[in-house]
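Undergrad: got a predicted model here, sequence first, then my questions.
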Amino acid sequence: MANRKSRSKRRGSGKAGSLRATFLWLLMTFLTVGGAVGFLCPDLPVLGPLVQSAQRVLGAVVDRLPKADSRQAIDADELSRINASVPASLASHPRPANKLLIASFNIQVFGKSKLAKPDVMSVIVHTIRQFDIVAIQEIRGKDDNILPDLVEMLNSDGSRYQFVIGPRLGRSVSTEQYAFVFDSNRVEHDPTSTGTIQDPRDLMHREPLVARFRSRTQVPDRAFSFWLVNVHTDPDDVPTEIAALADVFEVMQRARPYEDDVILLGDLNASERQMGRFARMPGLHWVVGGGVTTNTRQTKAYDNVLFYTPSTVEFTGRWGVFGLESVFRLTREQALRVSDHLPVWAEFDVWEGGAPRRAGADPGFRR
């Protein structure tokens, strides 16, 4: 669970052959900020009862997770300093009304120390505001106010960002959390869907955080809905973890009968040439390719956004790497104070482009 992974790695000669079998029956228990809920349909054979059983076992652990309603006052002068250095063109640039911009950002060692640096937070805050949803990796710290403080900064201009955060994960004492930060004016979150994928064979250092979202439109039944799978692989175990992610992706495609869109994004510590079996999955598309780099030093392609093209036809073809140096007119040293990774993003239509959902078949979203 949140801090259970202090044990040593277990690797065997039959490891590769067991990955698929292991993850195809993954028990996925979802931990919302308000309590434990299973996201798989409870009437599914085999997996449904397993999820219900796990809910009873994990209830005590869920109660200790950080809650999204905690707040810490942000000094007004600090917010003014944060806003002061942003280019006017960036601050006033509106997002397209009929598109969703979904991004991934590894904010290197994101904790109280970074929150206390106004110049760094100015870049982080205004970077996140360019997108509708941002999957954040490498939240690190014992303080539960890291995300609430960030969201308060984001909302200082009247925005309505919210967040979903997972448990602390990792095999060492330096654990990390995943989070999704999203503009609630543009996107709605399925509260029955959030949780951490379980890894009974301990194949991953930090198991992915998943959550389901839908674009906020005047016709909800036609709005684009999708799973997001937030990932940060360990650089020392890239082949093993990438292979495991291929199975995670397949499991998520079957998670709910009325949801066929799965978008996996994050810091993979792998380029398009290091995807292994994942890359050989028919129909899989990753947006960052062709030698484009995603680290701040411009030497590696670590971060990506992946999805299955036959189902996720909402992808418009637009994507990019958000260059902190060029956008904010930073030096390389200043950009590295923000993170050693750059945000990557992809654009999707707000309307569901695949098979229409049956009315009443999607009970997860609440208006």
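TA: Happy to help now that I have it.

Undergrad: could you list the low-pLDDT ranges of the chain?
TA: Residue ranges of the chain with pLDDT under 70: 1-93, 354-361, 363, 366-367.

Undergrad: can you report phi and psi for Ser339?
TA: Here the main-chain torsion angles of Ser339 (degrees, to the nearest 10) amount to phi -170, psi 160.

Undergrad: and the helices in this protein, which stretches?
TA: 15-24, 47-62, 76-84, 88-91, 112-115, 118-128, 146-154, 238-253, 324-328, 332-338 (DSSP state H).

Undergrad: buried ones in stretch 178-185, by neighbour count?
TA: Residues 178-183 are the ones in stretch 178-185 that count as buried (16 or more other CB atoms under 10 Å). For glycine as for every other residue, the C-beta is placed from the backbone atoms N, C-alpha and C.

Undergrad: and for stretch 329-342?
TA: 330, 335-342.

Undergrad: can you give me the neighbour number for Leu169?
TA: A count of nearby residues for Leu169, using other CB atoms under 10 Å, gives 23.

Undergrad: does it touch Glu176 like I think?
TA: Yes - between Leu169 and Glu176 there is a contact at 6.2 Å, judged by CB atoms under 8 Å.

Undergrad: what residues are shared contacts of these two?
TA: The contact sets of Leu169 and Glu176 overlap at Arg206 (CB atoms under 8 Å, 6 or more residues apart in numbering).

Undergrad: the strands in the stretch 251-367 of the chain, which residues?
TA: 262-267, 284-286, 303-308, 315-321, 344-349 (DSSP state E, counting those that start in this stretch).

Undergrad: reformat those strands as CSV; add mean neighbour count.
TA: Converted to CSV, these look like this (neighbours: other CB atoms under 10 Å):
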stretch, mean neighbour count
strand 262-267, 26
strand 284-286, 18
strand 303-308, 25
strand 315-321, 16
strand 344-349, 23
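
Undergrad: reformat the ones you listed as TSV; add distance to Gly158.
TA: Converted to TSV, the strands of the stretch 251-367 of the chain look like this (distance: least, CB to CB, whole Å):
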stretch	distance to Gly158
strand 262-267	27
strand 284-286	35
strand 303-308	28
strand 315-321	26
strand 344-349	23
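
Undergrad: the ones you listed: which one's closest to Ser215?
TA: strand 344-349 (8.2 Å; CB to CB).

Undergrad: nearest to Pro235 among the buried residues of stretch 178-185?
TA: Pro235 has its nearest neighbour among the buried residues of stretch 178-185 in Tyr178, at 16.8 Å by CB to CB.

Undergrad: could you chop the protein up by domain?
TA: 15-62, 78-349 (automatic domain parsing).

Undergrad: deepest in the core, which of the ones you listed is it.
TA: domain 78-349 (a mean of 19; mean count of other CB atoms under 10 Å).

Undergrad: next one: that one to chain centre, how far?
TA: Taking the mean of its C-alpha atoms, domain 78-349 sits 5 Å from the chain's own mean (CA atoms, centre = their mean, to the nearest Å).

Undergrad: got the contact list for the residue lying closest to Asp234 once chain neighbours are set aside?
TA: Here the nearest residue to Asp234 in space, its sequence neighbours aside, is His205; by CB to CB, 6 or more residues apart in numbering that works out to 4.0 Å. His205 is in contact with 5, 169-171, 233-234, 237, 241, counting by CB under 8 Å, 6+ apart.

Undergrad: distance check, His205 against Glu138.
TA: 12 Å (CB to CB, to the nearest Å).

Undergrad: now swap in Gly291 and tell me
TA: As judged by CB to CB, Gly291 and Glu138 stand 25 Å apart.

Undergrad: for the closest residue to Ser104 other than its chain neighbours, list each beta-bridge partner.
TA: Leaving out its chain neighbours, the residue that sits closest to Ser104 by CB to CB, 6+ apart is Leu265, at 4.2 Å. With DSSP bridges as the criterion, Leu265 is bridged to Asn230, Val305.
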